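> The following comprises the amino acid sequence and a computationally predicted model.
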Amino acid sequence: MSPLPGQIPLFPAALAIPLRMLPLAPMSLALTAFSRSIARRHPGLFRRLGDYDRTRFVLDPTDLPFVIHLEPGGGTPRVSLARGGGDGAARIAGPLAALLGLVHGAFDGDALFFSRDLVIEGDTSAALALRNAIDDSELDLSQEMTFFCGPMKGPLQRLFAQIEKHSGVSLTRAEENGAW
């Protein structure tokens with residue numbers, strides 16, 4: 001499933017403005033810890049990267065005031081946020097909702113690419129390896145977030161479902177197995 005051009009929800013500009021002032025280091029540390037938690041539960045994700053398991057990727061949510069640097073580190077990932085551009089072997093750019101939709105199998109990556117809702121620059125074979133690794137792992141980022149929540153897991157999952165319903169942003173794995 002893929003939206004028509006212009007139908008991908010954008011992160012509200014009013015909420016993006018305060019993100020410009022937030023310190024990036026604490027968010028980078030939290031995202032690194034989160035990615036390492038994912039790596040422990042999904043080690044195949046990083047093995048599937050093959051020769052690209054130490055490649056630096058730049059994920060650019062174009063509606064947010066920062067880019068995400070993902071360094072798989074051979075299964076010990078590191079995530080850092082930076083303002084402005086980023087330096088990496090491959091850059092994957094698009095609205096945050098499109099990037100999340102790709103992770104959750106809700107959008108067809110080829111359709112997003114050809115509709116120009118998604119831009120891939122640099123080493124396309126590295127970007128393809130990342131796409132295949134994520135697709136094969138069938139990640140559900142909401143489930144990964146609630147893994148440590150104990151009794152708050154249920155309420156948090158219901159909150160994610162409500163946000164997803166009202167925003168149109170894919171926060172959980174799609175029921176139908178969509179393809180990038």
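Nice, thanks for sending it over.
> Could you check how many residues crowd around the residue lying closest to Pro65 once chain neighbours are set aside?
With C-beta to C-beta, 6 or more residues apart in numbering as the measure, Arg20 is the residue that lies nearest to Pro65, at 4.5 Å, once sequence neighbours are left out. C-beta: built from backbone N, CA, C; applies to glycine. Here the neighbour count serves as a burial measure; for Arg20 (other C-beta atoms under 10 Å) it reads 10.
> Over to the one 10 residues further on?
When neighbours are counted by other C-beta under 10 Å, Ala30 registers 12.
> ranges for the helices of the protein?
Assigned helices in the chain, in chain order: 13-19, 24-41, 43-47, 96-103, 109-114, 124-137, 141-146, 153-167 (criterion: DSSP state H).
> Would you reformat those helices as TSV and include mean pLDDT and distance to Arg78?
Formatted as TSV, those follow (pLDDT from 0 to 100; distance: least, C-beta to C-beta, whole Å):
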stretch	mean pLDDT	distance to Arg78
helix 13-19	86	21
helix 24-41	95	5
helix 43-47	91	12
helix 96-103	93	18
helix 109-114	86	24
helix 124-137	93	15
helix 141-146	91	17
helix 153-167	90	26
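> Once you drop chain neighbours, what's closest to Leu10?
Ranked by C-beta to C-beta, 6+ apart and with sequence neighbours excluded, the top spatial neighbour of Leu10 is Asp63, at 4.7 Å.
> ah, wrong one, I meant His69
Leaving aside its sequence neighbours, His69 sits nearest to Ser80 (C-beta to C-beta, 6+ apart; 4.7 Å).
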